[in-house]
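Chemist: Requesting a structural model of the entry that follows:
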Amino acid sequence: IKLVDHPSERKLHASSVPLIGGISIVISFFLALLLSPFGLGDFRFLMVGMSVMLIVGILDDHQDLPAAVKITAQFLVALVLVKSGSVVTGVGDIFAWQDGNHQGLGFLAEPLTAVAIVGIMNAYNFIDGLDGLATTLFILSCLILIGVAIEEDLEKHQFLLMLFLSTAIVFWCFNLSIFVGSDKKVFLGDAGSMIFGLVLVYFLIDLTEPRGARWLMTTTAPWIVGLPLFDMFSVIILRLARRSPLS
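Modeler: Numbers count the residues shown, from 1 in each chain. Okay, here's the model as predicted:
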């Protein structure tokens, strides 16, 4: 179906590579959910968001969707999550003296949360330009969130994060040709990179805001995805300076 990434002056790989990493990860994840020992209704909006971004990512990988279409789909997913309760209501105690003066966001909470969700999805999409980079960063961030879920004794969060981590590690082996031949190499694709960002930002919000996690403060949560965010901002600034397209 021509869902492949062809070499070009911007791409250094020698031959066409299938863009099926995201598809493989999400389908494997959804099938494995059938083995869940408990109900996962609390995460239904995350599953809906993942499904939408999978479809948008596949279409983009196949025929390069206009940037406006992608950003619209991302904001729709973000709004669904926000309206379902995934909202950052405050930025915590942002001053060094830790006096307990938490800075609330008030009426800006929902729009700023939506912007944050879209921003992190695009940050992982931007940084996915080197074999294994986006996946390695996702694995490291996911391990931190698993540690928080274990300390907070959140069994469902542990189950979902470990399950998604498992599928990401399997893809990682194919992406870097570890234990498999180079002829079996696959790329993550926009579907995979955007879903990486979506999964991380969802659990970052869920483990800091609604449950008041002791092990993850709102002020420290963004640092778990700090490198992709810094990379995205640097890319945007450089492209604006060079008057290059942002997409």
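Chemist: going forward, measure contacts between C-alpha atoms and count neighbours the same way
Modeler: Noted.
Chemist: Give the buried residues for stretch 164-172.
Modeler: Judged by neighbour count using 16 or more other C-alpha atoms under 10 Å, the buried positions of stretch 164-172 are 164-169, 171-172.
Chemist: An error on my part: the question was meant for stretch 151-158.
Modeler: Of the residues in stretch 151-158, those with enough neighbours to count as buried (16+ other C-alpha under 10 Å) are 152, 156-158.
Chemist: Which pLDDT value goes with V118?
Modeler: Per-residue confidence (pLDDT) for V118: 95.
Chemist: Is it within a helix or a strand, and which one?
Modeler: Applying DSSP states H and E as the criterion places V118 in helix 109-127.
Chemist: contacts for the helix or strand just after that helix?
Modeler: Per DSSP H and E, helix 109-127 leads on to helix 133-151 as the next helix or strand towards the C-terminus. Judged by C-alpha atoms under 8 Å, 6 or more residues apart in numbering, the contacts made with helix 133-151 from elsewhere in the structure are 124, 127-128, 155, 157-158, 161-162, 165, 168-169, 172, 193, 196, 200, 203-204, 207, 213, 215-216, 224-225.
Chemist: quick one, helix 133-151 and helix 109-127 angle?
Modeler: Interaxial angle of helix 133-151 relative to helix 109-127 (axes from the mean of the first three to the mean of the last three C-alpha atoms, to 10 degrees): 140 degrees.
Chemist: how about the residue nearest to M217 when sequence neighbours are not counted, what does it touch?
Modeler: The shortest distance from M217 to any residue other than its chain neighbours is 6.1 Å, reached at T208 (C-alpha to C-alpha, 6 or more residues apart in numbering). Listed by C-alpha under 8 Å, 6+ apart, the contact set of T208 reads 216-218, 221.
Chemist: Make JSON lines from the residues you listed and add neighbour count, pLDDT and distance to I139 to it.
Modeler: Formatted as JSON lines, the entries for the contacts of T208 read as follows, by neighbours: other C-alpha atoms under 10 Å; pLDDT from 0 to 100; distance: C-alpha to C-alpha, whole Å:
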{"residue": "L216", "neighbour count": "18", "pLDDT": "76", "distance to I139": "18"}
{"residue": "M217", "neighbour count": "17", "pLDDT": "76", "distance to I139": "20"}
{"residue": "T218", "neighbour count": "22", "pLDDT": "76", "distance to I139": "21"}
{"residue": "A221", "neighbour count": "17", "pLDDT": "82", "distance to I139": "16"}
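Chemist: May I see those organised as JSON lines, with distance to L54 and secondary structure added?
Modeler: Written out in JSON lines, the entries for the contacts of T208 read as follows (distance: C-alpha to C-alpha, whole Å; DSSP: H, G, I helix; E, B strand; the rest coil):
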{"residue": "L216", "distance to L54": "29", "secondary structure": "coil"}
{"residue": "M217", "distance to L54": "30", "secondary structure": "coil"}
{"residue": "T218", "distance to L54": "28", "secondary structure": "coil"}
{"residue": "A221", "distance to L54": "25", "secondary structure": "helix"}
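Chemist: what about the residue positioned nearest the centre of the chain, which helix or strand?
Modeler: Most central residue of the chain, judged by C-alpha distance to the mean C-alpha position with C-alpha atoms, centre = their mean, is G197 at 1.1 Å. With the criterion set as DSSP H and E, the secondary-structure element containing G197 is helix 189-208.
Chemist: tell me which element G226 is part of?
Modeler: Counting by DSSP H and E, the element that carries G226 is helix 226-242.
Chemist: list the helices and strands that helix packs on?
Modeler: In terms of contact count using 3 or more C-alpha pairs under 8 Å, 6 or more residues apart in numbering; DSSP states H and E, helix 226-242 is assigned the packing partners helix 109-127.
Chemist: what sits up against the helix it packs on?
Modeler: Here helix 109-127 makes contact (C-alpha under 8 Å, 6+ apart) with 71, 74-75, 78-79, 82, 87-90, 133-134, 190, 193-198, 201-202, 225, 228-229, 231-232.
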